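Chemist: Okay, predicted coordinates and the sequence, questions at the end:
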Amino acid sequence: EFPAGDEGYHTYGELTEVLRNTADEHGEIVSLSDVGSSYEGRSLHLVKISDNAGQDEDEPEVLFTCNQHAREHLTTEMCLRIVERFTDEYGSDPTVTELVDTREIYVIPTVNPDGAEYDIENGRYKGWRKNRQGNGTDLNRNWGYQWGCCGGSSGSPYSETYRGPSAFSAPETRAVASFVESRVVGGTQQIKAHLDFHSYSELVLWPYGYTYDDANDTMTPEEARRFQEVGERLAASNGYTPQQSSDLYITDGSINDWMWAEHDILSLTFEMYPAGGGGLDGFYPPDERIEPETQRNDEAVEILVAEAGNQV
Ligand SMILES: NS(=O)(=O)N[C@@H](CCC(=O)O)C(=O)O
Ligand SMILES: [Ca+2]
Ligand SMILES: [Ca+2]
Ligand SMILES: [Zn+2]
C-alpha cells in the first residue's frame, strides 16, 4: 500500500475496482477486458471507450499506455484520469462527447502492475523501475524494434535499463504488442496514435530514440516534421518541453520506436511532473499533485485523440 499521506494513489486492487465500477456505470460506452497477464499473473487491464463499445466500428483508434516503469505511479493516475473524464463527461462536455462518438479509445492504465505493487510493498517506496522477472527487465528497453542495437540499454540483468535476454522476453511488453498486432484489420493497423506516459521531467518526446537521425529510411522528413508539429502542439498545451527522444539520451527497444517503425502509429512519450529536482523524490509527488498534474494533460489528450483522425 502507499505510504501514509499518499492514499490518493491507487493500488492495483483499487485500480481494478475503479475500472470495474466505471464499466458497470457506463456500460454503453465502456468495454473492460485485458491484453494478458503480468509475470506474476495480474491482469493487464484494457479499457475501451467509444459509442457502441461492444462493436468494432470503423473509427480511428487511439491507445494510451501508463506505468511501464513501476515507480512512476503518477502515470497510472493519468490513465485513470483519461478513463474517468471520457466516461463521466460523455454527454455533457461537447469535445469529449464528439471524440467518444467518433473514435475508439483504448487505455492500459498499468503495463507493469507487479513492479508497481512491489515498489509500495510494506508502505515504503523502493524506487523500483523494472518488472519483477528475475532481477527485473526495463520494459521500455524490451520492445522489438532495434532492440539492443545502439548502446541505449544494458545487457546486465542488474542494470536499471536491462533490456532482457531477448526482445519481448517480458510477458508485459509481449501482451501489449500482441494487442496492437491484433488491431491490424484487413491489413490495416486501426490504431493511429499512441501516448506512453512516464515521469518525470515534463517533456514531450517523439521517435526515434535509437538514433540521433531526425529522418531515415523508416521516417521520411515529412513524417519527422509531423511528429515535431504534433509534439510542439502537445507541449504548448501543457507547458512541457518538446524534443526528439534521442535529444534526451539514446534509448533502444523503446515503445515509441516499435509503434512507429512496425505499425506507423504516431507514438509519443510524455514525461510528467515534476520538471526537475533530480533523485528519487521526483517519482513520488505528494498525492495533492495528482489532480492538477493529470488535469494539466486534458487538452493534450484531446489533441492526440483528435489527431488520430488526421491520417496523412
Ligand atoms: N521515465 S524515464 O525512464 O525516466 N525516461 C524514459 C524516456 C523514454 C524515451 O526517451 O523514449 C526511459 O528512459 O525509458
Ligand atoms: Ca464507436
Ligand atoms: Ca475499429
Ligand atoms: Zn519511465
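Modeler: All right, it came through fine. Ligands and ions are numbered 1, 2, ... in the order given.
Chemist: State the pLDDT value of residue 149.
Modeler: Note for residue 149: predicted pLDDT of 98.
Chemist: which residue sits closest to it, ignoring its sequence neighbours?
Modeler: Nearest non-adjacent residue to residue 149, counting by Cβ to Cβ, 6 or more residues apart in numbering: residue 252, 4.9 Å away. C-beta coordinates here come from the backbone N, C-alpha and C atoms, glycine included.
Chemist: same thing with residue 208?
Modeler: Closest to residue 208 by Cβ to Cβ, 6+ apart is residue 257, at 5.4 Å.
Chemist: Show residues contacting stretch 132-141.
Modeler: For stretch 132-141, the external contacting residues (Cβ atoms under 8 Å, 6 or more residues apart in numbering) are 38-40, 68-69, 111-112, 114-115, 118, 128-131, 147-148, 152-154, 157-164, 169-173, 196, 198, 251-255.
Chemist: The residue nearest to residue 208: how many residues sit nearby?
Modeler: Burial of residue 257 is recorded as 28 neighbouring residues (other Cβ atoms under 10 Å).
Chemist: For residue 260, what is the enclosing helix or strand?
Modeler: helix 255-263 (DSSP states H and E).
Chemist: And ligand 4, is that helix touching that?
Modeler: No. Residues of helix 255-263 contacting ligand 4 under Cβ under 5 Å from the ion: none, with a closest distance of 10.2 Å.
Chemist: Partner strands of the helix or strand that comes right after that helix, with direction?
Modeler: Using DSSP H and E, the next helix or strand after helix 255-263 towards the C-terminus is strand 266-272. Partners of strand 266-272 in the sheet, by DSSP bridges, are strand 191-199 (parallel), strand 203-206 (antiparallel).
Chemist: Run through the contacts of stretch 132-141 and flag the ones next to ligand 2.
Modeler: Checking the contacts of stretch 132-141 against ligand 2 (Cβ under 5 Å from the ion), there are no matches.
Chemist: From these, which land in strands?
Modeler: Here DSSP state E is the test, and the contacts of stretch 132-141 give 196, 198 as lying in strands.
Chemist: about what we covered before: list the residues that contact the residue nearest to residue 149.
Modeler: Contacts of residue 252 by Cβ under 8 Å, 6+ apart are 141, 146-153, 163, 209-210.
Chemist: Alpha carbons only: can I get the helix holding residue 260 in CSV?
Modeler: Taking Å, rounded to 0.1, in the frame of the first residue of the first chain, the C-alpha atoms of helix 255-263 are listed here in CSV:
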residue,chain,number,x,y,z
ILE,A,255,7.8,1.5,-27.1
ASN,A,256,7.7,4.6,-29.4
ASP,A,257,10.3,3.3,-31.9
TRP,A,258,8.4,0.0,-32.2
MET,A,259,4.9,1.6,-32.5
TRP,A,260,6.1,3.8,-35.3
ALA,A,261,8.5,1.6,-37.2
GLU,A,262,6.4,-1.6,-37.1
HIS,A,263,2.9,-0.1,-37.2
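Chemist: Give me the mean pLDDT for that helix.
Modeler: 98.
Chemist: Any idea how far it is from the middle of the chain?
Modeler: 13 Å (Cα atoms, centre = their mean, to the nearest Å).
Chemist: Go ahead and name everything in contact with it.
Modeler: 65, 68, 140, 143-146, 173, 176-177, 180, 184, 189, 191, 194, 196, 205-210, 218-219, 245, 251, 265-269.
Chemist: which residues sit in contact with residue 90?
Modeler: So residue 90 contacts 26, 29, 96-97, 100 (Cβ under 8 Å, 6+ apart).
Chemist: Buried ones in stretch 34-47, by neighbour count?
Modeler: 35, 38-39, 42-47 (16 or more other Cβ atoms under 10 Å).
Chemist: Count the residues that sit near the residue in the stretch 1-150 of the chain that ligand 1 sits nearest to.
Modeler: Among the residues of the stretch 1-150 of the chain, residue 140 lies closest to ligand 1, at 3.7 Å counting by Cβ to the nearest ligand atom. Residue 140: 25 surrounding residues under other Cβ under 10 Å.
Chemist: which stretches of the stretch 151-300 of the chain form helices?
Modeler: For the stretch 151-300 of the chain, the helices defined by DSSP state H, counting those that start in this stretch occupy 171-182, 221-238, 245-248, 255-263, 290-295, 298-307.
Chemist: ok, which residues in the stretch 1-150 of the chain are in contact with ligand 4?
Modeler: The interface of the stretch 1-150 of the chain toward ligand 4, taken as Cβ under 5 Å from the ion, is made up of 69, 72.
Chemist: all strands of the stretch 1-150 of the chain, in order?
Modeler: Under the criterion DSSP state E, counting those that start in this stretch, the stretch 1-150 of the chain contains strands at 30-37, 43-49, 61-66, 104-108.
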